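*Asks:* Pasting the sequence and the predicted coordinates here, then a few questions.
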Amino acid sequence: MKDSNYIKLNQDEKVEKSIWDSKEVVISEGNIFIDGKQYIPDNMALKREIVKKLHDTLPLGHPGELETLNKVSDVYWWPGMMQFVKNYVKGCPIVDNSR
């Protein structure tokens, strides 16, 4: 695709403009907020840490996919977040043993 089809977030990351359609985008103190939720860049370790914090930590204690997704999406947003959370919870040995 042409560069005109992308929004450049920083020196290394570009996101397709279609992701931003009909969303309120605010940039504040180096953070990007989309519809009031903090945008998380394409950083696997950061995404994993966020989901881990909201899924593995007591008193939350290993909720299922939907509850974990709700907790993550209350504060954060990134493209593919639903699938990322689903895969994380699916790979959780504690949730797997409770089924």
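*Replies:* Structure's in. What do you need?
*Asks:* in the protein, what secondary structure element scores lowest on mean pLDDT?
*Replies:* strand 6-8 (a mean of 50; mean pLDDT, DSSP states H and E).
*Asks:* downstream neighbour of the lengthiest helix in the chain in the secondary structure list?
*Replies:* Longest helix of the chain, by residue count under DSSP state H: helix 44-55. The helix or strand immediately downstream of helix 44-55 is helix 65-73, counting by DSSP states H and E.
*Asks:* Just want the angle from that following helix to helix 44-55.
*Replies:* Helix 65-73 runs at 110 degrees relative to helix 44-55, counting by axes from the mean of the first three to the mean of the last three C-alpha atoms, to 10 degrees.
*Asks:* which parts of the longest helix of the chain are buried?
*Replies:* Judged by neighbour count using 16 or more other C-beta atoms under 10 Å, the buried positions of helix 44-55 are 47, 50-51, 54-55. In this view, the C-beta of every residue, glycine as well, is placed from N, C-alpha and C.
*Asks:* same question, stretch 29-43
*Replies:* Within stretch 29-43, the residues that qualify as buried by neighbour count (16+ other C-beta under 10 Å) are 32-34, 37, 39-40.
*Asks:* Give me the residue ranges of the chain where confidence is low.
*Replies:* 1-22, 58-60, 93-99 (pLDDT under 70).
*Asks:* what about 50?
*Replies:* When the per-residue scores of the chain are filtered using pLDDT under 50, the ranges that remain are 1-6, 11, 97.
*Asks:* who's in contact with Val75?
*Replies:* Neighbour list for Val75: 37-38 [criterion: C-beta atoms under 8 Å, 6 or more residues apart in numbering].
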